[in-house]
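Participant: Provided below for reference: sequence and predicted model.
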Amino acid sequence: MRNIVFAKNSSRLSRESKKLIRLVAGFLKENAEFSIQITGFTDDTGPADLNLRLSNKRAKSAVKFINYQGINMKRILYKGKGEDNP
């Protein structure tokens, strides 16, 4: 899913992003055999090390919200890629 977007320099999920994540969580609830991987990205503005940290925070923000929807953390992998492939 490529439609989870964040404001510049933010890891806070928008309402629209939460709606999309709820759809994913619903799918995962109905399909217990599936796991997912979430990858966070940033643009290439600013220092690479800060972008990597922000991308990790973004991925973790999505993971926490999916977990809040009742999906076990064991089914979710995540990582931040910084400004690679923004």
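Facilitator: Thanks, I have the structure now. Residues are numbered from 1 along each chain as shown.
Participant: Name the SS class of residue 38, please.
Facilitator: Put simply, residue 38 is strand when judged by DSSP: H, G, I helix; E, B strand; the rest coil.
Participant: The nearest residue to it once chain neighbours are set aside: which element?
Facilitator: Using CB to CB, 6 or more residues apart in numbering and skipping the chain neighbours, the partner closest in space to residue 38 is residue 78 (4.3 Å). Glycine gets a C-beta too; all of them are placed from N, C-alpha and C. Here residue 78 sits within strand 76-80, counting by DSSP states H and E.
Participant: Pull out the buried residues from that strand.
Facilitator: Neighbour counts using 16 or more other CB atoms under 10 Å place 76, 78, 80 of strand 76-80 among the buried residues.
Participant: Show me what that strand pairs with in its sheet, parallel or antiparallel.
Facilitator: Sheet pairing of strand 76-80 (DSSP bridges) gives strand 36-40 (parallel).
Participant: Provide the contact partners of the partner strand at residue level.
Facilitator: 24, 28, 54-60, 62-63, 66, 75-81 (CB atoms under 8 Å, 6 or more residues apart in numbering).
Participant: Dump the C-alpha coordinates for the strand holding residue 78 into PDB.
Facilitator: Extracted in PDB, the C-alpha atoms of strand 76-80 (Å, rounded to 0.1, in the frame of the first residue of the first chain):
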ATOM      1  CA  ILE A  76       4.100  -7.300  11.500                       C
ATOM      2  CA  LEU A  77       7.600  -6.600  10.400                       C
ATOM      3  CA  TYR A  78       8.800  -3.100   9.900                       C
ATOM      4  CA  LYS A  79      11.800  -1.000   9.000                       C
ATOM      5  CA  GLY A  80      12.800   2.400   7.900                       C
END
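Participant: tell me the mean pLDDT over it?
Facilitator: For strand 76-80, the mean pLDDT works out to 95.
Participant: Sweet, I'm off.
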